[in-house]
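Colleague: For reference, the sequence and a predicted model appear below.
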Amino acid sequence: MDKVVIGTKKFTFTDIAKICNGSFKVELSNAGKKKVEQCREYLNHRVVTKKELLYGINTGFGSLCNVEISLKEIEVLQTNLIRSHACGVGNTVPIEVVRIMMFLKILNLSFGYSGVRLDLIKLMIKHFEKGLSPEIFQLGSLGASGDLAPLAHLSLPLIGEGKLWNGKKYVKAESVLKKHKIKTTTLKAKEGIALLNGTQFSTAYAVWCMNEVKRLFDLANLCAAISLDAFHCSLKPFSEVLHLIRPHEGQLKVAKAIRKTLRGSKIQKTPKQNVQDPYAFRCVPQVHGASYDTFKHCEKVINTEINSVTDNPNIFVESDQVLSGGNFHAQPIALILDFMAIAVAELGSISERRTFQLISGKRELPEFLIKKVGLNSGLMIPQYTAASIVSQNKQLCTPASVDSIVSSNGQEDHVSMAANAATKTYKVVKNLERILAIEFMTAMQALEFRKASSKSIVELHHAYRKHVKPLNVDRNLSLDIHKTISFLAN
């Protein structure tokens, strides 16, 4: 197993994705261990020696923040918190997102401001290394007091409750832990609330989406380049001098990528019949580029959140303070998830328009890209499918972050709804992959009537045809779409 050291180092979303997709041994740095232990010792001393109410440590939660809990009931309080807050419903969270949640929570606690025991972090690391993924549900978080319900389900196996994935299905955690000879724990003061407060559910989705978007953005540019040649478009709108006078970073990057992909294309050397091309082709740098610039902003926010402490209250040993604040409020993540969804959906929207143009029977291409049209419908209906998905994405882009519903008897009177932003953005990203696969399939079929392009596209076309044959007569195109998705994923 490769090793990753936490507690002092900062991580990016690409680091997190790599760690959670691989097999890593996680270690807490010596400096990190020291800080965690000092924080715990300080908290233990303060709880015993000072007669004061410390939120979530010797008080109730939410609107029950003024209800005092005796020292002998503190452990019961923390366990009750986990059980009572495990109220998730709906579909289960994908395993790849659960893995990210687990690592982000471990990372959050390792910074040494949460007051948890080192042994608790070590137990969580053991679960992560063994691939013991808890059953977590998508619905239940308001994204304000932390992602409470999802993080409660994440935490249940630590006390021997809830369910864990056994490689085939979710089963009682107790049996899986017994198989791996892993003991459970009894939560001490502050540990329950430290586990439940935080933005790790929303941020895990953001990390997954951002990592996938990097791949799909490059794919969108590739699809656009192939479609440009297939539709016999001009490369003049991609000239560098044109974009240098409106030098948005994304716009420059996309224009350069298109020029590179189409370098040496034989189609580009043939005379063009049209003075201008439709926007879906001509304005690719401007549209794709704007999405890229949005993603760059999202990256910055996500990377900051990954390396932040988002539970409450927080303990500052050096200044002798236990401070209740609002770092669990996921507004930064809610806003960028909504923004990301819009930027992703736009890549799909313009892709579908290119697909529509390619099958329209223009520019010496046969209608629906098949020879005996009428007898055959050709690629008529894949465009319907793309249009349906694009429409769904537009509906999913209604921002979640503009909503707020008062909870906890008015104590939590403004919430971010980041969790809803997260789960819908995940769907939008998944949908983009399907839309781009349909464009790719369509553009490759259109190239059958061109028989020329750049060297890189011709090689890609040849490789693709080993998996999906040209369409000469009608067949089940759902199979072709799924084969195309798999081809592009690899």
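Modeller: Cool, the structure landed. Numbering: from 1, shown residues only.
Colleague: what residues are up against the nearest residue in space to P278 that is not next to it in sequence?
Modeller: Distances taken as C-beta to C-beta, 6 or more residues apart in numbering put Q357 closest to P278, at 5.8 Å, once the chain neighbours are dropped. In short, each C-beta sits where N, CA and C put it, glycine included. Counting by C-beta atoms under 8 Å, 6 or more residues apart in numbering, Q357 touches 227, 231, 278, 280-281.
Colleague: And for R450?
Modeller: R450 makes contacts with 229-230, 232, 267, as judged by C-beta under 8 Å, 6+ apart.
Colleague: at 6 Å instead, please
Modeller: R450 sits next to I267 when contact means C-beta atoms under 6 Å, 6 or more residues apart in numbering.
Colleague: quick one: it is in a helix?
Modeller: No - assessed with DSSP: H, G, I helix; E, B strand; the rest coil, R450 is coil; it does not lie in a helix.
Colleague: Pull up the per-residue confidence for it.
Modeller: pLDDT, R450: 92.
Colleague: Roughly how far does it sit from H180?
Modeller: Distance from R450 to H180, counting by C-beta to C-beta, to the nearest Å: 57 Å.
Colleague: returning to what we had before: right, and the pair among the contacts of Q357 with maximum separation?
Modeller: By the measure C-beta to C-beta, S227 and P278 form the most distant pair in those, at 10.6 Å.
Colleague: out of these two, which sits in the busier spot?
Modeller: Under the criterion of other C-beta atoms under 10 Å, the comparison of S227 against P278 puts S227 first, with 26 against 16.
Colleague: Can you report how many residues lie near L479?
Modeller: L479 has 10 neighbours, counted by other C-beta under 10 Å.
Colleague: How much space separates it from L375?
Modeller: L479 is 21 Å from L375, by C-beta to C-beta.
Colleague: go on, T385?
Modeller: From T385 to L375 the distance is 22 Å (C-beta to C-beta).
Colleague: Comparing these two, which residue is more hemmed in?
Modeller: Counted by other C-beta under 10 Å, T385 and L375 do not tie: T385 has more neighbours, with 17 against 10.
Colleague: how far away is that one from C223?
Modeller: 15 Å.
Colleague: Assign a three-state SS to the residue sitting nearest the centre point of the chain, would you?
Modeller: The residue lying closest to the centre of the chain (C-alpha atoms, centre = their mean) is C209, at 2.4 Å. Here C209 is recorded as helix under three-state DSSP.
Colleague: That one touches V428, doesn't it?
Modeller: No - between C209 and V428 there is no contact under C-beta atoms under 6 Å: 8.3 Å.
Colleague: I'd like the average pLDDT over stretch 178-195.
Modeller: Mean predicted confidence for stretch 178-195 is 95.
Colleague: buried ones in it?
Modeller: 182, 187-195 (16 or more other C-beta atoms under 10 Å).
Colleague: Need the distance between the two termini of it.
Modeller: Between the opening and closing residues of stretch 178-195 lies a distance of 23 Å (C-alpha to C-alpha, to the nearest Å).
Colleague: if we can go back for a sec, so for the residue nearest to the centre of the chain, what's the pLDDT?
Modeller: With respect to pLDDT, C209 has a value of 98.
Colleague: same question, K455
Modeller: 96.
Colleague: which SS state does the closest residue to it other than its chain neighbours fall under?
Modeller: Among residues not flanking K455 along the chain, G264 sits closest, at 5.8 Å (C-beta to C-beta, 6+ apart). Assigned with three-state DSSP, G264 falls in the coil class.
Colleague: how near is G264 to Y464?
Modeller: Distance from G264 to Y464, by C-beta to C-beta: 19 Å.
Colleague: Looking at those two, which one has more neighbours?
Modeller: Y464 (18 against 12).
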